[in-house]
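J.: Here is my input; please provide its structure:
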Amino acid sequence: MKPKNVVLLGCTGSIGVSTQRVAADLPEQVRIVGMASRGNVDGLAEAARKFTPLAVAMSNRVKAEELKRRITGRDACATDTGGDAHPTKVLAGERGLVELATMPEADIVLVAIVGTAGLEPALAAIRAGKDIAVASKEILVMAGELVMSEARKHGVKVLPVDSEHSAIFQCLEGRDPSEVKRLILTASGGPFRRTPHEEFESITVAEALKHPSWNMGQKITIDSATLFNKGLEMIEARWLFNIDIDHVDVVIHPQSVVHSMVEFLDGSILAQLSAPDMRYPIQYALTWPRRLPNSMPPTDLAKIAELTFENPDPGRFPSLRLAREAGRTGGTMPAVLNAANEVAVARFVDGKIKFTQIFETVEKVTRAHRAIASPSLDVIVAADLWARKEAEHAV
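T.: The predicted structure follows:
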């Protein structure tokens, strides 16, 4: 099998580090040819030493200069790969990310950049004929209609990296979409699925950051506590699988072993199971359509012992209602929902608002927005900026 050449945008975050582990585990099948980080010089320099990519990029230009000095200091034109040495090009800024995402050698671009910074390079990769693997929710939440339209136009695949969407993707393969009754996203329920509603106002940042199943970044961990992550995933699923959002549901599954399910018209339900480790969906996205052996420990169902499910409480978690409403409205509304949530989470982490005010802020901003249908990227970005200002004012 010819190795898959991968550009990894966001190589020093939790998804990026897991992707590095997948690549190290499958050196004959997965080759990282490009890597980017926002500003983690140490992490990117270390990754570049390990994988010797053709190019690296930092969106922070000052940090890019520091990285360039670091790489030059170890002699970028004579890396320690023996006779296989090559120069490592250092790129900077937004244009650097786009250049990395469109490099001729790349087969697939994995976008794991948090926030809106991944949108432009993702679209550039698609237009350059590259498949993309999506780990950043913002790409499909903000611009799902645009991204999927461009992917169809250029004949490329948009492969999910989120464990939930990867599970649905695997359950749907080879099946007629018209036979699908609903998609069922599973949620761990976060740390507060049993917390009485009256105690939500006193929830602390430290408590919200204690996720029961996953080790993730700060923002997505808070989103898991509010279930906004599931709301955003509902919108993602709507675009990824071309299904009305009213046919996308969420069920609480604390064990995080069943990653999601598909119910078909005949009442049958297919599920995908594995241990809660992001390397599984990352590997599948990068090696698709093949399944390859790896060094990860097998999923021991007998040790897990039980799998339980329950419905989320809409009173404690209005995030799911807000996301469904935004998904129904479409246009710029999901981008506004996402931006307002980002601001609210940041202010909660800063100690400026209470946990419950995350929901209140998002609802206030979405109620104030007049959605624009079928928006261009510029219109989406403008709506995102408007929502951030509105959310800052609200908090």
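J.: how about the strands in the chain?
T.: Ranges of strands in the chain, per DSSP state E, are 4-9, 30-37, 55-58, 89-92, 108-111, 131-134, 158-160, 180-187, 248-252, 258-264, 269-273.
J.: Throw the ones you listed into a markdown table and include mean neighbour count and distance to residue 208, thanks.
T.: C-beta coordinates here come from the backbone N, C-alpha and C atoms, glycine included. Shown next, in a markdown table, are the strands of the chain (neighbours: other Cβ atoms under 10 Å; distance: least, Cβ to Cβ, whole Å):
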| stretch | mean neighbour count | distance to residue 208 |
| --- | --- | --- |
| strand 4-9 | 26 | 27 |
| strand 30-37 | 26 | 26 |
| strand 55-58 | 26 | 30 |
| strand 89-92 | 20 | 35 |
| strand 108-111 | 26 | 26 |
| strand 131-134 | 25 | 25 |
| strand 158-160 | 23 | 26 |
| strand 180-187 | 22 | 15 |
| strand 248-252 | 21 | 17 |
| strand 258-264 | 22 | 23 |
| strand 269-273 | 17 | 28 |
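J.: per the record, what domains does the chain have?
T.: The chain breaks down by automatic domain parsing into domains covering 4-160, 169-276+298-321, 330-395.
J.: list the contacts for residue 8?
T.: 16, 19-20, 32, 34-36, 110, 112 (Cβ atoms under 8 Å, 6 or more residues apart in numbering).
J.: That should have said residue 245, apologies.
T.: Here residue 245 is in contact with 234-235, 237-238, 324, 327-328 (Cβ under 8 Å, 6+ apart).
J.: any idea which helix or strand of this structure has the worst average confidence?
T.: Within the chain, judged by mean pLDDT, DSSP states H and E, the helix or strand with the poorest mean is helix 61-73; its value is a mean of 89.
J.: I'd like the domains of the chain written out as JSON lines, with distance to residue 290 added.
T.: Formatted as JSON lines, these follow (distance: least, Cβ to Cβ, whole Å):
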{"stretch": "domain 4-160", "distance to residue 290": "8"}
{"stretch": "domain 169-276+298-321", "distance to residue 290": "12"}
{"stretch": "domain 330-395", "distance to residue 290": "33"}
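J.: Which one, of those domains, ends up nearest to residue 284?
T.: With Cβ to Cβ, the closest approach to residue 284 among the domains of the chain belongs to domain 169-276+298-321: 7.0 Å.
J.: what's the burial count for residue 142?
T.: Residue 142 has 30 neighbours, counted by other Cβ atoms under 10 Å.
J.: show me the contacts for the residue nearest to residue 354 when sequence neighbours are not counted.
T.: Distances taken as Cβ to Cβ, 6 or more residues apart in numbering put residue 201 closest to residue 354, at 5.2 Å, once the chain neighbours are dropped. Going by Cβ under 8 Å, 6+ apart, residue 201 touches 354-356.
J.: Mind doing that once more with 10 Å?
T.: By Cβ atoms under 10 Å, 6 or more residues apart in numbering, the residues touching residue 201 are 354-357.
J.: ditto for residue 318
T.: 226-228, 231, 356, 358-360, 362-363.
J.: And stretch 315-322, what's buried?
T.: Residues of stretch 315-322 classed as buried by neighbour count (16 or more other Cβ atoms under 10 Å): 316-320, 322.
J.: rewinding a little: pick out the shakiest of the domains of the chain, pLDDT-wise.
T.: Lowest mean pLDDT of the domains of the chain: domain 4-160, a mean of 91.
J.: just how off-centre is it within its chain?
T.: 14 Å (Cα atoms, centre = their mean, to the nearest Å).
J.: same deal with stretch 188-206?
T.: The answer for stretch 188-206 is 24 Å, by Cα atoms, centre = their mean.
J.: For it, list the C-alpha coordinates in PDB.
T.: C-alpha atoms of stretch 188-206 as PDB (Å, rounded to 0.1, in the frame of the first residue of the first chain):
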ATOM      1  CA  SER A 188     -21.000  10.800  27.800                       C
ATOM      2  CA  GLY A 189     -23.200  13.300  29.600                       C
ATOM      3  CA  GLY A 190     -20.200  15.100  31.000                       C
ATOM      4  CA  PRO A 191     -19.600  15.600  34.700                       C
ATOM      5  CA  PHE A 192     -23.100  17.000  35.500                       C
ATOM      6  CA  ARG A 193     -25.600  14.500  34.100                       C
ATOM      7  CA  ARG A 194     -26.700  13.600  37.700                       C
ATOM      8  CA  THR A 195     -26.200  17.100  39.100                       C
ATOM      9  CA  PRO A 196     -29.600  18.700  40.200                       C
ATOM     10  CA  HIS A 197     -30.600  21.700  38.100                       C
ATOM     11  CA  GLU A 198     -30.700  24.000  41.100                       C
ATOM     12  CA  GLU A 199     -26.900  23.400  41.600                       C
ATOM     13  CA  PHE A 200     -25.900  24.400  38.100                       C
ATOM     14  CA  GLU A 201     -25.400  28.100  39.100                       C
ATOM     15  CA  SER A 202     -22.700  27.200  41.600                       C
ATOM     16  CA  ILE A 203     -20.700  24.900  39.200                       C
ATOM     17  CA  THR A 204     -17.000  25.900  39.100                       C
ATOM     18  CA  VAL A 205     -14.500  25.900  36.300                       C
ATOM     19  CA  ALA A 206     -12.500  23.100  37.900                       C
END
